[in-house]
Each structure stands twice: as C-alpha cells, then as structure tokens.
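Colleague: need coordinates for the below:
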Amino acid sequence: MTDATKTDALLGRTFPAQRLDGTTETIELRQLPLARYPAALALRDDEISLTALLAGRDRAWIEQLTPASYEALRAEVQSLNESGFFAYAARQAAREKERLAEMLAALAQWPPDAIELALRVGAAQANTSPTSWPTPRPKPA
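Modeller: Numbers count the residues shown, from 1 in each chain. Predicted structure coming up:
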C-alpha cells in the first residue's frame, strides 16, 4: 500500500461535485467500510446507486449532478475503493464463476431427457405468478 493509498483510506479525498443547477458542493470521499461491502455488492448491476453508496450519498443526490461530474465522481470512488471493495467484488465474481462452471459441468453429465424435464419443470414454475393464484373470498355472513 503506497503512502497516498494509506492517506486516502484514513483521511479520504475531497471532491467538487457540480450540480445541474450550476452550484458546486465539495464532499468528502472515504473508502467503503467492510460492513457495507454486502450492500454494495447487491448494487453491482446498478452503477448509479453503487456510486451513490460509495460516495456516501443517496441516488437522488447523485441524479442532481451534471453528467461530467457524475463520471468524475464514479472514477474517483472507483480509484479510492480499488484495493478495498472492488478487490472484494472481483473475488466474489470469480467464486460465482467457479460455482457456475461446476454446476454446468455437473449438468453436462445428465442424460438429455433429464435436462429436458428439468427445463420444462423450471419453465412451468417460472410462469406461475401470484395473479394466477386463487383469490381468497370472504366467508358468507
């Protein structure tokens, strides 16, 4: 860990956020605490919300930034969390990829008719929605 990285982890960085209304707000950015990693990982497919969490703000605040300021902020929180949260997220993605490869290898050993049956059952279950369930009716008085 370089001295600059240690300083960033302890003291954070300031960032001049440019809003759509033309104002600037200087915010403090710090590395994401370990306790927040699972919440951040759950947002991995929602870049804007993930950036908001990493910046210590909510999505509504982020949506008030100019596009250029958002991009700069996203790059800044990525850099600040590269050896922390993003290293953790990369390990989680690698584990998930390994699990998927193991499942596919096991599935490749199944006979074709078993695969076809599993696909049919899965498709039938996927098409079940709460709206197709019977609606309870009140008891007659």
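
Colleague: please count neighbours and contacts with C-alpha atoms only from this point.
Modeller: Fine.

Colleague: ok, and what's touching stretch 63-73?
Modeller: 15, 17-20, 51, 55, 62 (C-alpha atoms under 8 Å, 6 or more residues apart in numbering).

Colleague: lowest-pLDDT helix or strand in this protein?
Modeller: helix 3-11 (a mean of 57; mean pLDDT, DSSP states H and E).

Colleague: circling back to that earlier point, I'd like the contacts of stretch 63-73 written out as CSV, with neighbour count and secondary structure added.
Modeller: What follows is those, written out as CSV (neighbours: other C-alpha atoms under 10 Å; DSSP: H, G, I helix; E, B strand; the rest coil):
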residue, neighbour count, secondary structure
Phe15, 18, strand
Ala17, 20, strand
Gln18, 20, strand
Arg19, 19, strand
Leu20, 13, coil
Thr51, 25, helix
Ala55, 22, helix
Ile62, 21, helix
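
Colleague: what's the longest helix in this protein?
Modeller: If each helix of the chain is counted by residues according to DSSP state H, the longest one is helix 85-108.
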